[in-house]
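In: with the sequence up front, the predicted model follows.
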Amino acid sequence: MSGSAHSSRPQSRASSRGAEMSIGNKSINQVAKYTQNLSEPNFCGIPLSALVNDERFEQYNNKRVEELRKIKKEEINKSNFDEGQFIEAVLQFQKSKNHDDVSDQMRNYIKDSIEDIITNYKIEYAKLILIHEDNEKMFRKETKATFDKLKSEQLSELEGLFLEKEVQIVRDRNYEPTEYKGFQEQAKKLATANDFDGARQVLKKAEKFLAHIREQNEKDTKKAYDKLLKVLVEKQEKAFQSLESRLITFLEKNQSNKDHRIGELQKSAAVSVNSILHIATTRACAQAKSTESKKRISLELTKYVSECIRQIQKERDEIFDFLIAK
């Protein structure tokens with residue numbers, strides 16, 4: 001590493017497995033050899049531990065990317081390839097760290113956004129339920145008022161019909177047909193002629209005739225009013241059935257409308273979640289160069305969305321499965 005301002009100082013404080021050693025005069029490739037069995041990420045062939053424990057790491061890691069690239073080029077021009085490799089490792093580390101930071105930022109963005117979406121959904125859901133409950137209460141109140149009015153009117157109709165019936169029955173019981181009066185006159189004439197037995201027989205016949213006529217008239221009246229009552233009751237039953245049918249129709253329509261609006265609300269929330277995922281994935285993938293990395297990021301964030309929603313469900317003890325893509 002002759003010609004480099006960094007060639008005279010130790011390059012790392014890292015130790016190999018089971019034995020401490022100075023790596024001041026060893027190449028980066030030799031350091032990598034000592035640590036190649038460690039299960040850890042490496043950058044440009046340099047294990048993470050060797051990289052971050054090198055004295056040069058802090059100096060380079062604090063520099064901007066443009067400056068590091070310039071230094072790397074200078075070192076390569078001087079044939080200081082180990083130094084150039086180390087600088088490239090720092091560049092890759094920074095890129096990886098930036099990617100992790102972006103991924104964390106996107107996860108936080110997704111979580112916060114989903115929390116907001118769920119909060120807004122619950123607010124809109126509560127408003128929707130309240131509107132439909134108010135509509136139902138109002139219609140039930142109106143139906144109850146109509147029912148009470150109808151009930152009162154029908155009772156009045158029934159009372160009127162019963163009153164008419166009783167009045168007619170009284171009339172029937174006091175009815176005297178012309179024939180009866182004729183029998184009475186005939187009986188009187190017989191009695192005037194001193195035919196008292198004949199007069200009594202005629203009068204008895206007249207009373208029997210009168211009783212029969214009154215009884216028959218009362219039966220006819222009751223029969224006629226029974227028919228009127230049947231017609232009235234059927235009419236009243238139809239009115240109540242119509243009122244009940246209106247209530248059932250409204251409740252079914254109100255419920256169907258509510259279910260539809262809840263479905264639309266859930267669709268809108270799900271679309272918002274997908275939009276958030278798309279934004280987060282686009283931003284995170286902007287930091288990745290390879291198609292493979294972009295696919296991995298997309299899958300990770302998509303999985304995280306489902307995990308995030310399930311975690312929120314668990315914390316709130318509520319169901320938001322409609323937000324999870326099928």
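Out: That came through, no problem. Everything numeric here is computed off the predicted structure, so don't read it as measured data.

In: and Leu195, backbone torsions?
Out: Heads up, residue 195 is Asp, not Leu. phi -100, psi 70 (degrees, to the nearest 10).

In: do the same with Lys78
Out: Taking degrees, to the nearest 10, you get phi -90, psi 0 for the backbone angles of Lys78.

In: tell me how far it lies from Arg56.
Out: Separation of Lys78 from Arg56 (C-beta to C-beta, to the nearest Å) stands at 16 Å. C-beta coordinates here come from the backbone N, C-alpha and C atoms, glycine included.

In: comparing these two, which residue is more hemmed in?
Out: More crowded of Lys78 and Arg56, by other C-beta atoms under 10 Å: Arg56, with 17 against 14.

In: in the helix or strand harbouring the more buried one, what's buried?
Out: If you go by DSSP states H and E, Arg56 is part of helix 55-61. By neighbour count on 16 or more other C-beta atoms under 10 Å, the buried set for helix 55-61 is 56-57, 60.

In: what's around Tyr125, how many residues?
Out: Neighbours around Tyr125, by other C-beta under 10 Å: 15.

In: pLDDT wise, what is the closest residue to it other than its chain neighbours at?
Out: Leaving aside its sequence neighbours, Tyr125 sits nearest to Leu265 (C-beta to C-beta, 6 or more residues apart in numbering; 6.2 Å). With respect to pLDDT, Leu265 has a value of 96.

In: OK, contacts around Leu265?
Out: 121, 124-125, 128 (C-beta atoms under 8 Å, 6 or more residues apart in numbering).

In: and it, which helix or strand is it part of?
Out: helix 196-285.

In: give me the buried stretch members for the following helix or strand past that helix, please.
Out: From helix 196-285 onward toward the C-terminus, using DSSP H and E, the following helix or strand is helix 291-316. Within helix 291-316, the residues scored as buried using 16+ other C-beta under 10 Å are 294, 297-298, 301, 304-305, 308-309, 312-313.

In: centre of the chain to helix 291-316, how far?
Out: 22 Å (C-alpha atoms, centre = their mean, to the nearest Å).

In: hang on, the earlier thing: so which elements touch the helix or strand that the helix holding Arg56 is followed by?
Out: As assigned by DSSP H and E, the chain's next helix or strand after helix 55-61 is helix 65-77. Judged by 3 or more C-beta pairs under 8 Å, 6 or more residues apart in numbering; DSSP states H and E, helix 65-77 is in contact with helix 81-173.

In: please give me every residue in contact with the residue nearest to the spatial centre of the chain.
Out: Nearest to the mean C-alpha position of the chain, counting by C-alpha atoms, centre = their mean, stands Ile262 at 4.8 Å. By C-beta under 8 Å, 6+ apart, Ile262 lies in contact with 125, 128.

In: state the distance from it to Ser242.
Out: Separation of Ile262 from Ser242 (C-beta to C-beta) stands at 30 Å.

In: what's the answer for Ser256, then?
Out: For Ser256, the distance to Ser242 - C-beta to C-beta - is 21 Å.

In: again, but for Ile123
Out: 39 Å.

In: now Glu88
Out: Counting by C-beta to C-beta - Glu88 and Ser242 are separated by 86 Å.

In: now swap in Lys230 and tell me
Out: Separation of Lys230 from Ser242 (C-beta to C-beta) stands at 19 Å.

In: name the next helix or strand downstream of the lowest-mean-pLDDT helix or strand in the chain, please.
Out: One helix or strand of the chain scores below all others by mean pLDDT, DSSP states H and E: helix 28-34, with a mean of 44. Sequence-wise, the next helix or strand downstream of helix 28-34 (DSSP H and E) is strand 42-43.

In: and that following strand, which strands flank it?
Out: strand 46-47 (antiparallel) (DSSP bridges).

In: by contact count, what packs against the next helix or strand after the strand it pairs with?
Out: As assigned by DSSP H and E, the chain's next helix or strand after strand 46-47 is helix 48-53. Applying 3+ C-beta pairs under 8 Å, 6+ apart, one finds that helix 48-53 contacts helix 28-34, strand 42-43, helix 81-173.
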